[in-house]
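> next one to model:
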Amino acid sequence: MSLYSKYFLPYFLDLALRNREAVRLRRKWIPRARGRVLEIGVGSGLNLPFYSSEVERVWGADPSPELLRMALRRSNQLPFEVEFLPQSAEALPIDSAVADTVVITWSLCTIENPLAALYEARRVLKPGGQLVFVEHGRSPDARVAAWQDRLTPVWKRLVGGCTLNRPIGALVTSAGFRLSELSTGYIPGPRPMTYMYEGCARMA
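Sure, this is the predicted structure:
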């Protein structure tokens, strides 16, 4: 691991994902989680304060020990148990059909195999459970998408593997989910980085 990845990037990501739009989207979607929750890409724990009283416990998976240390500090005063899993999401040490909700926010862009992570989300969910996601991804605007394709190789190296051009909606349905709600569109900021997919899905 480079000094950049260890000492600078985690703090940059934590700061970048505390902006006004990110807070608005967390406030809108995270309270939809219920019961036992798996959060894939828990990062520095910025979602944790937005979970409602209907959450019993959270498993938080993330491969970055630096981000998990921040998340641990944010979890100290929460009214539910949080267990952190220091690893990526393609193969999780959690039994099948134990979670009522899986939450993924700003993480499918960085996971090396996002489809495998979504299959894991599906495996861990109970029948009738739901996936809640907030992700940026591929724009339907051809010009913006072309810029996403051009920028992604450099952007990935600068921002911890973040990929700008993944078709999030198609990935979710390819993993065997049925979209029950989906909102898409740009939030303020450079368009190659700000086309959002927000929604809920259930097992098809």
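> name the helix or strand for G129, please.
strand 125-136 (DSSP states H and E).
> got the angle for the helix or strand that comes right after that strand vs strand 125-136?
Next helix or strand after strand 125-136 toward the C-terminus (DSSP H and E): helix 142-158. When axes from the mean of the first three to the mean of the last three C-alpha atoms, to 10 degrees is applied, the directions of helix 142-158 and strand 125-136 differ by 100 degrees.
> in helix 142-158, what's buried?
Neighbour counts over helix 142-158 (16 or more other C-beta atoms under 10 Å) mark V144, A145, W147, Q148, L151, T152, W155 as buried. Placement of C-beta: from N, CA and C, glycine included.
> how many other residues sit next to A99?
26 (other C-beta atoms under 10 Å).
> against R191, how distant is the most far-flung residue of the chain relative to its centre?
The C-alpha centroid of the chain is most remote from R143, which lies 25.8 Å away (C-alpha atoms, centre = their mean). Distance, R143 to R191, using C-beta to C-beta, to the nearest Å: 9 Å.
> and stretch 130-147, what's its mean pLDDT?
For stretch 130-147, mean pLDDT is 98.
> now do the end-to-end distance for that stretch.
In stretch 130-147, first residue to last residue: 33 Å (C-alpha to C-alpha, to the nearest Å).
> again with stretch 177-194
24 Å.
> which stretches of this protein have low pLDDT?
Within the chain, the segments meeting pLDDT under 70 span 1.
> what ranges does it have for its strands?
Applying DSSP state E to the chain gives strands spanning 35-40, 55-61, 81-85, 99-105, 125-136, 177-186, 195-203.
> now render those as TSV, adding distance to S5.
Shown next, in TSV, are these (distance: least, C-beta to C-beta, whole Å):
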stretch	distance to S5
strand 35-40	20
strand 55-61	18
strand 81-85	19
strand 99-105	21
strand 125-136	21
strand 177-186	29
strand 195-203	26
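> please name the residues that touch L125.
Residues near L125 by C-beta atoms under 8 Å, 6 or more residues apart in numbering: A97, A99, D100, T101, V102, L131, M203.
> list the contacts of the residue nearest to the fifth one when sequence neighbours are not counted.
Just to be clear, that refers to V102. Excluding the flanking residues, the one nearest V102 by C-beta to C-beta, 6 or more residues apart in numbering is A121, at 4.2 Å. A121 makes contact with L38, I40, A89, V102, I104, L131, A175, according to C-beta under 8 Å, 6+ apart.
> just put the residues you listed in JSON lines and tack on neighbour count.
Formatted as JSON lines, these follow (neighbours: other C-beta atoms under 10 Å):
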{"residue": "L38", "neighbour count": "28"}
{"residue": "I40", "neighbour count": "28"}
{"residue": "A89", "neighbour count": "28"}
{"residue": "V102", "neighbour count": "27"}
{"residue": "I104", "neighbour count": "25"}
{"residue": "L131", "neighbour count": "26"}
{"residue": "A175", "neighbour count": "20"}
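> output those as a markdown table; include the columns distance to S52.
Putting the contacts of A121 into a markdown table (distance: C-beta to C-beta, whole Å) gives the following:
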| residue | distance to S52 |
| --- | --- |
| L38 | 16 |
| I40 | 19 |
| A89 | 23 |
| V102 | 16 |
| I104 | 18 |
| L131 | 17 |
| A175 | 26 |
